[in-house]
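>>> 3D, please:
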Amino acid sequence: MDQEQAQVLFREGAMLVFLDVPQGTEFGIDCQSWRVGPKFKGVKMIPPGVHFVYFSACSKEGEVSPRTGFFYHFKKREVLIKKWDKVTEDMKTTEVTKEEQDRVESNRKELDQYLGAYPYDSYKKWVSLSNHITESLASRLQPQSGKITAVTQLVSEGSTTQSRRERADREMETAPSGTRQDKEVESRLPELTVEPGSRINFSAIPKQKYPEGATPAQVTQYSMDSSHVLKVILDTHYSDNPMGLLGELQFAFICFLIGQNYDGFEQWKKLVHVLCTSDEALALHPNLFGGLIRVLYFQVGEIPEDFFVDIVSSNNFLTATLQIFFSNLEGTDPGSDLRKRGLKFREHLTKKFKWDFMSEPDDEAPVIVE
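Now for the predicted structure:
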């Protein structure tokens, strides 16, 4: 960062003050993370906009706990104060008092030496992964608890041994004989449900792929073409701004790649599938699909190679889905910018990952170029 940029961020940048964080805790913001030192009290010079803050407690033996994080839209010169709870080894959810806020803001100069500078070298990468995430979108998608956790938060429903036994008896009446022993074991366990307020508020993906009253021909068409499903999602959540769906795609990607949240990975896969298999919608939303190509370009480039092979390429999900997308693009106007951009993206993927989207093997999935 040059001196001029540093001065602008020092004047206009936001500040995250994170008090009482134990030494050795893993702390990160956006694309950069560190192990906290003894003098750590937060981060300064944060560019205004949406950011993802995350942390993991660390034991004396060096074992790191599952990651927890939150999205936050920092405003110019804003000072956000968070506190560490030593008992739960987590961030406190209670807001600081006005007196505490005023005291911290009045001591900004004294705090400066305890604050790490925002990792500006990776800021462009962060923007490329989050540019469609607005303050209102982050607020809608973020769990009610305000925290995104790598491990699903479960709670036990109120039950007794007798109530569990009665439930098991009802289930065993209809269970095949071979599974009754399993039901007997389950009857001794409490019922676990996702803790209220901890679930990310992703958009629901409609299970019915075709419109009500569809003709047989339409049922066949929309069973292969996800355009109707896409229309329902856009009409329900993004009627004013279809590009907001790309923000949710980015939100889900960040949740799983940086937040290590599996639900984010599942939502990302679902949205990628819906968008890439929507043929009819290509002509209706060229800007949306042009933006999709740009979003996927940066996302694919950030997935670690080992992670990519183990998860994203499992069952050839991404390559098979993109194969459909590129095939649909070839059926559009040969002179359209969308088609040109899409096929250029195909060339990039083929060159970088050696994927061949042109061949059609027996299972109709792309193959790796030897």
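>>> can we go C-alpha only for contacts and neighbour counts from here?
OK.
>>> so what's residue 199 up against?
By Cα atoms under 8 Å, 6 or more residues apart in numbering, the contact set of residue 199 is 143-144.
>>> pLDDT value on it, please?
Residue 199 is assigned 94 on the pLDDT scale.
>>> for residue 144, see how far away it is.
The gap separating residue 199 from residue 144 is 8 Å, by Cα to Cα, to the nearest Å.
>>> ranges for the strands of the stretch 151-300 of the chain?
For the stretch 151-300 of the chain, applying DSSP state E, counting those that start in this stretch gives strands covering 154-156, 192-194.
>>> can you list the domain ranges for the chain.
The domain map for the chain lists 3-149, 154-194, 216-368, with the assignment taken from automatic domain parsing.
>>> among those domains, which comes closest to residue 205?
Ranking the domains of the chain by proximity to residue 205 (Cα to Cα) places domain 216-368 first, at 7.0 Å.
>>> just how off-centre is that closest one within its chain?
How far domain 216-368 lies from its chain's middle: 16 Å, per Cα atoms, centre = their mean, to the nearest Å.
>>> now stretch 111-120
With Cα atoms, centre = their mean, you get 26 Å for stretch 111-120.
>>> check what contacts it and list those residues.
With contact meaning Cα under 8 Å, 6+ apart, stretch 111-120 is reached by 1, 17, 32, 39-46.
>>> so residue 274 sits right up against residue 224, yeah?
No: taking Cα atoms under 8 Å as the definition, residue 274 is not a contact partner of residue 224, at 10.3 Å.
>>> tell me where the model's unsure across the stretch 51-200 of the chain.
Low-confidence segments of the stretch 51-200 of the chain, defined by pLDDT under 70: 153-192, 194.
>>> for the stretch 1-150 of the chain, what spans make up the strands?
Ranges of strands in the stretch 1-150 of the chain, per DSSP E, counting those that start in this stretch, are 14-19, 26-29, 32-35, 42-46, 49-56, 68-74, 79-85, 90-91, 115-117, 148-149.
>>> residue 352: which of those strands is closest?
With respect to residue 352, and counting by Cα to Cα, the nearest of those is strand 32-35 at 24.8 Å.
>>> in the closest one, which residues are buried?
Neighbour counts over strand 32-35 (16 or more other Cα atoms under 10 Å) mark residue 32 as buried.
>>> distance between it and the chain's centre?
In terms of Cα atoms, centre = their mean, the gap separating the centre of strand 32-35 from the centre of its chain is 19 Å.
>>> part of a strand, is residue 358?
No: Residue 358: not assigned to a strand; according to DSSP: H, G, I helix; E, B strand; the rest coil it is coil.
>>> tell me the pLDDT of it.
pLDDT, residue 358: 77.
>>> from the structure, what's the count of residues near it?
For residue 358, the count of nearby residues is 14 (other Cα atoms under 10 Å).
>>> relative to residue 350, how far out is it?
Taking Cα to Cα as the measure, residue 358 falls 10 Å from residue 350.
>>> could you do residue 275 as well?
20 Å.
>>> check residue 233 too.
Distance of residue 233 to residue 350, given as Cα to Cα: 31 Å.
>>> okay, the two: which has more neighbours?
It is residue 233, of residue 233 and residue 350, that has more neighbours when counted by other Cα under 10 Å, with 20 against 16.
>>> from memory that one sits against residue 205, does it?
Yes: under the criterion of Cα under 8 Å, residue 233 makes contact with residue 205 at 7.0 Å.
>>> residues in contact with the residue nearest to residue 224 when sequence neighbours are not counted?
Spatial nearest neighbour of residue 224, chain neighbours left out: residue 277 (7.4 Å); criterion: Cα to Cα, 6 or more residues apart in numbering. Counting by Cα under 8 Å, 6+ apart, residue 277 touches 224-227, 321, 324-325, 328.
>>> which pair of those residues spans the longest distance?
The largest separation in the contacts of residue 277, counting by Cα to Cα, is between 227 and 321 at 14.6 Å.
>>> which of the strands of the stretch 1-150 of the chain sits closest to residue 289?
Taking these one by one with Cα to Cα, strand 49-56 is closest: 23.1 Å.
>>> what packs against that closest one?
In terms of contacts (3 or more Cα pairs under 8 Å, 6 or more residues apart in numbering; DSSP states H and E), strand 49-56 is packed against strand 26-29, strand 68-74, helix 135-141.
>>> let me have the ones you listed in a markdown table, extended by distance to residue 106.
As requested, these are exported to a markdown table (distance: least, Cα to Cα, whole Å):
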| stretch | distance to residue 106 |
| --- | --- |
| strand 26-29 | 24 |
| strand 68-74 | 19 |
| helix 135-141 | 27 |
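>>> nearest to residue 82, of these?
strand 68-74 (11.6 Å).
>>> hmm, residue 52 and residue 70 touching each other?
Yes: Residue 70 is within contact range of residue 52, at 5.7 Å (criterion: Cα under 8 Å).
>>> good, we can wrap up now.
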